[in-house]
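Peer 1: Mind looking at a prediction? Sequence and model below.
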Amino acid sequence: MIRPTEELPHRGLMFVLSSPSGAGKSTLARELLAADNNLDISVSVTTRARRPSEIHGRHYQFIDQPSFRRMCDHDELLEWAEVHGNFYGTPRAPVEKALEDGRDVLFDIDWQGTEQLSAIEGLRADLVRVFVLPPTFRELRSRLERRAEDAPEVIQRRLENARVEIGKWDRYDYVIVNRDLDHSLAAVRAVLTAERNRRERASGLASFVDGLLEEASGLAAKSEA
């Protein structure tokens, strides 16, 4: 029986944030992680070059293409995709371990990876998909230019891909327009809280309710005595 001061155990969920590059999903992911002790980030592997502001093992695991192909061949990735001419993937082992331990896992991935996760038998019930949109396409361009970490031709390619990515918004469970970071962060947190409290995810709920009813019966018996 669960004690009144204990949290109800729940099955870990897979919390996906997707957006076109520059819409703000990585910033939202960073803020969400900083404030939530039961949330682990899924660190993707990628073949793209590391940006000056990025740290290997924290933002991505930067590997070469032969290593990436070996991971694919050995079924070590839950999903993978080619984005902007580079390869990205989600290592399987750390995600499965976190879910088994009842921890939630945050994914900062694109729509292609999200569709692959959605197709995995046995994982769909644990998947929560959130898509982040920019307020305007002009603002999206400005954000990419202000970031000043990509060459002009890379920015142009990201904008061209953004038109495709934005068109995938209706494949997600929740959609947030990132006009203001604080408001968007509050919305993402609200989604995460609500999904954690879904009845089917609270594996200890039946035991907790049994305890409540047992307690109620005991109190009723004392009142009648």
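Peer 2: Sure thing, it's come through. Worth saying up front: this structure is predicted, and the values here are computed from it rather than measured.

Peer 1: Please identify the helix or strand for residue 209.
Peer 2: Taking DSSP states H and E as the definition, one finds residue 209 inside helix 205-224.

Peer 1: Pull out the buried residues from that helix.
Peer 2: The neighbour-count check on helix 205-224 (16 or more other Cβ atoms under 10 Å) flags 205, 208 as buried. In this view, the C-beta of every residue, glycine as well, is placed from N, C-alpha and C.

Peer 1: Could you pull up the mean pLDDT of it?
Peer 2: Helix 205-224 carries an average pLDDT of 85.

Peer 1: Can we start the residue count at 7 from this point?
Peer 2: Yep, numbering from 7; the last one is helix 211-230 now.

Peer 1: packing partners for that helix?
Peer 2: Using 3 or more Cβ pairs under 8 Å, 6 or more residues apart in numbering; DSSP states H and E as the contact criterion, no helix or strand is in contact with helix 211-230.

Peer 1: what's the spacing between it and its chain's center?
Peer 2: Per Cα atoms, centre = their mean, to the nearest Å, the displacement of helix 211-230 from the mean C-alpha position of its chain is 38 Å.

Peer 1: Extract the C-alpha set from that helix and format it as CSV.
Peer 2: Listed in CSV are the C-alpha atoms of helix 211-230, where the atom choice follows Å, rounded to 0.1, in the frame of the first residue of the first chain:
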residue,chain,number,x,y,z
LEU,A,211,-3.1,4.3,-8.6
ALA,A,212,-5.2,1.1,-8.1
SER,A,213,-3.2,0.3,-5.0
PHE,A,214,-3.6,3.9,-3.7
VAL,A,215,-7.4,3.9,-4.3
ASP,A,216,-7.7,0.5,-2.6
GLY,A,217,-5.9,2.0,0.4
LEU,A,218,-8.3,5.0,0.5
LEU,A,219,-11.4,2.7,0.4
GLU,A,220,-9.9,0.5,3.1
GLU,A,221,-9.3,3.5,5.2
ALA,A,222,-12.8,4.8,4.6
SER,A,223,-14.3,1.4,5.6
GLY,A,224,-12.3,1.5,8.8
LEU,A,225,-13.4,5.0,9.7
ALA,A,226,-17.0,4.0,9.0
ALA,A,227,-16.8,1.0,11.2
LYS,A,228,-15.4,3.1,14.1
SER,A,229,-18.2,5.6,13.6
GLU,A,230,-20.8,2.8,13.9
